[in-house]
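**Q** Kindly generate the corresponding structure for this input.
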Amino acid sequence: MWKEMREDLSDRLVEGTQKFGGGNVMMWGYVGWEGVGYTTRIEGKMDAELYISILEDELQQTIDYHTISLINFIFQQDNNPKHISKMARKWFEDHGIVVMKWPAQSPDLNPIEHL
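**A** You can find the predicted model right below:
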């Protein structure tokens with residue numbers, strides 16, 4: 001917004017926002033040193049199986065697109081149960097991807113939340 005110095009806020013300057021009940025969109029995305037990667041919209045509820053599918057598609061495409069070497073690659077995610085499931089841990093292990101150890105309940109430390 002633009003306003004003159006010392007000008008009070010007025011209806012002309014302020015636009016209301018809806019905090020709750022306005023709908024939502026769930027996305028999975030990637031942000032790294034190389035820039036942003038592939039993203040996907042998640043329809044419905046995400047479980048470990050869908051998460052693995054996203055890793056197979058979007059993460060793998062991002063790694064290929066940016067020609068990321070897995071030698072020094074460390075993947076960061078939160079401790080959501082689907083992220084730390086046996087299925088997910090096995091996928092990362094099978095693909096040679098190191099996952100950063102991360103404290104529980106720390107969304108404020110997760111840079112993608114601000115994206």
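**Q** Measure how buried the nearest residue to D47 once chain neighbours are set aside is and give me the count.
**A** Once flanking residues are discounted, D47 sits nearest to K82: 5.9 Å by Cβ to Cβ, 6 or more residues apart in numbering. Any C-beta I mention is one placed from the backbone N, CA and C, and that applies to glycine too. When neighbours are counted by other Cβ atoms under 10 Å, K82 registers 17.
**Q** Quick one: low-confidence residue ranges for the chain.
**A** Along the chain, the model assigns pLDDT under 70 to residues 1-2, 12-14, 16-20, 22, 104-115.
**Q** need the strands for it, in chain order.
**A** Assigned by DSSP state E, the chain shows strands spanning 26-28, 31-32, 35-36, 40-42, 74-75, 98-99.
**Q** Grab the longest helix from this structure for me.
**A** helix 86-94 (DSSP state H).
**Q** so what's the nearest residue to V25 once chain neighbours are set aside up against?
**A** Nearest residue to V25 in three dimensions, chain neighbours excluded: R41, at 6.4 Å (Cβ to Cβ, 6+ apart). Shown in contact with R41 (Cβ atoms under 8 Å, 6 or more residues apart in numbering): 25-27.
**Q** go again using 10 Å as the cut-off
**A** By Cβ atoms under 10 Å, 6 or more residues apart in numbering, the contact list for R41 reads 25-28.
**Q** what would the residues you listed look like in a markdown table with neighbour count and distance to Q76?
**A** Output for the contacts of R41, formatted as a markdown table (neighbours: other Cβ atoms under 10 Å; distance: Cβ to Cβ, whole Å):
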| residue | neighbour count | distance to Q76 |
| --- | --- | --- |
| V25 | 7 | 22 |
| M26 | 11 | 19 |
| M27 | 10 | 16 |
| W28 | 18 | 13 |
